[in-house]
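Novice: My questions are about this predicted structure, shown below with the sequence.
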Amino acid sequence: MRELAGMSKLQTRSILVVVLVLASLGLLGLNQSGSLGPVKGALLAPLTALQKWVAQTWNGAEALFQRSPDAEALRQRNAELEAENARLKAQAAAAAEDRATLSALSQLLDYARTQPENKYLAANVIGLDSSPFLNYLILDRGSDAGVTSGMSVVTDQGLVGRVVEVTATSAKVQLIVDAASAVNALLQASRERGVVVGQLAGGLEMQNISQQTKLAPGDVVLTSGLGGRFPPGVIIGTVNAVQKLNYEVLQKADITPAVDFNRLEIVLIITNFTPRDFSPFFQATPTAPAPAP
Amino acid sequence: MMTYVVGVPLLVLAAVMQSTVLSHFRVFAGTLDLVLLLTLSWTISGDWLGGIAWGFIGGLCLDLLSGGPLGAAALGLVLMAYFASLTEGRFWRSHVLLPLATIALGTFGFHTLYLVGLSLSGYPVNWSHDLSQVTLPAAVLNTLVMLPVYHALRWVHGLVYPTPVAI
């Protein structure tokens, strides 16, 4: 970039930095007020289209790579069949990818059949969060497919998270392992309640469990439905270790998530569960009008 | 103008790759910061103003593909590119390993600014965990790939802005 006439390089650079820093701070402020939704949606649409294509290409290449050692040995022994072998290998990789997708969809379908009260929408995972500090997913379904903010996302294994942002063709999902996530939970055996929060390392911790509750590794943790953000009875994970200190009022437990978040490819969005908004109950009670004189 | 012709598609693709592919490869919790690598490499290749603009564009792309607040990554990348630009090109070309120091320090600076942005937006931040488990491994990963990225972008920079020859 050429410097503006009459200004030194340092001046031009300083002005540019001040302008861009102010623009970034302005965006941060507008983001907090929640008024950037339509702009983000418009900017995100081409990015998610590209992301979908890259994700599909990457999944195909990964499947091809995983099957390559056998094919490589064949190529070495059968040089004359190299071209034919490569073609067959690509077909086999594509078939393996199809089988994996079919298997995942079958499992999801079986799960959906066991939960007839819910309506599901299947979506492909096309991206993870670009920041390593956050745990979000990007799905290839958005408001065009009926997805709205607040919907719960599950797999046949258990709870994945909730939709926090929607554009026409994509949705961002906050995973339950995200550090800002909190899910009201229930221990299946003892029926004791607590809150499952995400850990920065990617795990889960159940907090606010009564000290009297008997906990054991392997106890199943479900969503309780309290708070109205998630449907009740969805598996979150199992107790891995108990953190109990006699001088504390409450105890905690490390939870192993039921879902393997590193291997998510297809998820189900529960479309007929409407999150409840209890915030009006927690607002200050309006004062009664003063009696007329 | 050429800085945007080269930068916008490259940064968009890099942000998408960072979200779609690179986020699967983690050392502890750290991943490769491809957009940071490109921004700093372009800046120290000699396009000081362009590098700062790349930081803003790349940061916006990262912010859009993240659940974090819009503007946090942009702010961090703009400031990192600005700090890298202050030393001018003679410094960077004085030793082949200096770009490695840039990216190592740049990773810590960028992550710190990003975490400040998250913290100001009300997101829970565990500084000791984040800096040791995310930033430190990311700095190592970024340092490992800095030299090829830097030399590739210096080559592109040479094509876009050829050195004037006195006749």
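Specialist: Good, I have the coordinates.
Novice: what pLDDT does A:Gly194 get?
Specialist: The model reports A:Gly194 with a pLDDT of 94.
Novice: What is the neighbour count of it?
Specialist: A:Gly194 has 25 neighbouring residues, counting by other C-beta atoms under 10 Å in any protein chain shown. To be clear about C-beta, it is placed using only N, CA and C from the backbone, and glycine gets the same treatment.
Novice: Who is it paired with across the strands?
Specialist: A:Ala185 (DSSP bridges).
Novice: which residues touch it?
Specialist: Contact analysis of A:Gly194 by C-beta atoms under 8 Å, 6 or more residues apart in numbering or on different chains lists A:Ala185, A:Leu186, A:Leu187, A:Met206, A:Gln207, A:Asn208, A:Ile209, A:Ala253.
Novice: Kindly report the same for A:Thr101.
Specialist: A:Glu265, A:Ile266.
Novice: can I assume it sits in a helix?
Specialist: Yes: membership of A:Thr101 in a helix is supported by DSSP: H, G, I helix; E, B strand; the rest coil.
Novice: What distance do you get for it to A:Gln56?
Specialist: A:Thr101 sits 11 Å away from A:Gln56, going by C-beta to C-beta, to the nearest Å.
Novice: burial count for B:Val125?
Specialist: For B:Val125, the count of nearby residues is 18 (other C-beta under 10 Å).
Novice: With B:Leu10 instead?
Specialist: 19.
Novice: Give me the distance between the closest residue to it other than its chain neighbours and chain A.
Specialist: The shortest distance from B:Leu10 to any non-neighbouring residue, by C-beta to C-beta, 6 or more residues apart in numbering or on different chains, is to B:Leu38 (6.4 Å). Distance, B:Leu38 to chain A, using C-beta to the nearest C-beta, to the nearest Å: 14 Å.
Novice: Now do the same contact list for B:Leu38.
Specialist: B:Leu10, B:Leu11, B:Ala14, B:Trp54, B:Gly58, B:Val149, B:Leu153.
Novice: what do you get for B:Phe108?
Specialist: So B:Phe108 contacts B:Leu131, B:Thr135, B:Ala139 (C-beta under 8 Å, 6+ apart).
Novice: Next: B:Leu77.
Specialist: Taking C-beta under 8 Å, 6+ apart, we find B:Leu77 in contact with B:Val35, B:Leu36, B:Thr39, B:Trp54, B:Gly55, B:Phe56, B:Gly58, B:Gly59, B:Leu62, B:Phe110.
Novice: Mind pulling up the pLDDT for A:Glu84?
Specialist: 64.
Novice: that older thread, just the ones of the contacts of B:Phe108 in strands?
Specialist: Among these, none falls in strands (DSSP state E).
Novice: Same list, those, but as CSV with neighbour count, pLDDT and distance to chain A please.
Specialist: CSV is the format used below for those (neighbours: other C-beta atoms under 10 Å in any protein chain shown; pLDDT from 0 to 100; distance: C-beta to the nearest C-beta, whole Å):
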residue, neighbour count, pLDDT, distance to chain A
B:Leu131, 16, 93, 11
B:Thr135, 25, 95, 9
B:Ala139, 21, 96, 12
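Novice: A:Lys172: which of those residues is nearest?
Specialist: Here the nearest of these to A:Lys172, counting by C-beta to C-beta, is B:Thr135; it sits at 23.6 Å.
Novice: Surely that closest one and B:Ala29 touch.
Specialist: No: counting by C-beta atoms under 8 Å, B:Thr135 does not reach B:Ala29; the two are 9.4 Å apart.
Novice: hmm, back to that, neighbour-wise, give me the winner out of the contacts of B:Leu77.
Specialist: Neighbour max across the contacts of B:Leu77 (other C-beta under 10 Å) = B:Gly55, 35 neighbours.
Novice: Check which element follows the helix or strand of chain B with the lowest mean pLDDT along the chain.
Specialist: Every helix and strand in chain B was compared by mean pLDDT, DSSP states H and E; the lowest is helix B:88-92, with a mean of 62. Toward the C-terminal end, the helix or strand that comes next after helix B:88-92 (DSSP states H and E) is helix B:98-120.
Novice: Spatially central residue in chain B, please.
Specialist: The residue lying closest to the centre of chain B (C-alpha atoms, centre = their mean) is B:Leu36, at 1.3 Å.
Novice: Make sure I have this right: it is in a helix.
Specialist: Yes: judged by three-state DSSP, B:Leu36 forms part of a helix.
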